[in-house]
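S.K.: With the sequence up front, the predicted model follows.
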Amino acid sequence: MYTTALAIMLLTLCMPSMAATRQDTLKADTADFCIDINYMMPQRYPTRAVNDFSLCLKNDTVISHLPYMGQAHRSTYGNTDGLNFKLPITNKSVKSGKKGKTIIKFTCKHSTDTYDFKIEIYPDGGAYINLTPSYADRIGYKGEWK
């Protein structure tokens, strides 16, 4: 009985420090990772399975190779790149969410558009990307992060 109570007390004291270490490690990992996209979820169209698409964060740069379906609210003359770009990011924030989820928000500016990203990373390896272009429909992506 005494050893069980002692073990529970020690475990209770160690739990907050283990959780803080896991979150610190996850925050450090968010500087450099890639998400392989499995599904795209356009605002006006049905969800579609996709492959060979990804989004990578390398320090303060985003490398986007994403599909897009949606309506543009302004024409972008001469922009044939779509969502294939390598751009510096600004306004990056990383915070912890519920159930071990990590939320990363940032903005990047292309010559013709500004993109707001919200990435949710789950402890099981899943990821969700919410992309909001300034002059087009919002789109979501589901995938797995490495």
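M.R.: It's in. Numbering: from 1, shown residues only.
S.K.: CA atoms for contacts and neighbours, from now on please.
M.R.: Noted.
S.K.: show me what contacts residue 117?
M.R.: For residue 117, the contact set (C-alpha atoms under 8 Å, 6 or more residues apart in numbering) comprises 104-107, 129-132.
S.K.: oh, I was asking about residue 122
M.R.: With C-alpha under 8 Å, 6+ apart, residue 122 has these contacts: 100-102.
S.K.: try residue 45
M.R.: 69-70 are the contacts of residue 45 under C-alpha under 8 Å, 6+ apart.
S.K.: Quickly note the distance from it to residue 67.
M.R.: 13 Å (C-alpha to C-alpha, to the nearest Å).
S.K.: what does residue 88 give?
M.R.: To residue 67, residue 88 is 20 Å away according to C-alpha to C-alpha.
S.K.: more neighbours, these two?
M.R.: Neighbour comparison, residue 88 and residue 67: the larger count goes to residue 67, with 19 against 16 (by other C-alpha atoms under 10 Å).
S.K.: I'd guessed that one sits against residue 52; true?
M.R.: No - Residue 67 is beyond contact range of residue 52, at 9.7 Å (criterion: C-alpha atoms under 8 Å).
S.K.: For the host helix or strand of residue 141, what is the distance to the chain centroid?
M.R.: Per DSSP states H and E, residue 141 falls inside strand 139-145. Offset of strand 139-145 from its chain centre (C-alpha atoms, centre = their mean, to the nearest Å): 8 Å.
S.K.: What is that strand packed up against?
M.R.: strand 32-42, strand 126-133 (3 or more C-alpha pairs under 8 Å, 6 or more residues apart in numbering; DSSP states H and E).
S.K.: and if we set it to 10 Å?
M.R.: When contacts are defined as 3 or more C-alpha pairs under 10 Å, 6 or more residues apart in numbering; DSSP states H and E, strand 139-145 packs onto strand 32-42, strand 48-58, strand 114-121, strand 126-133.
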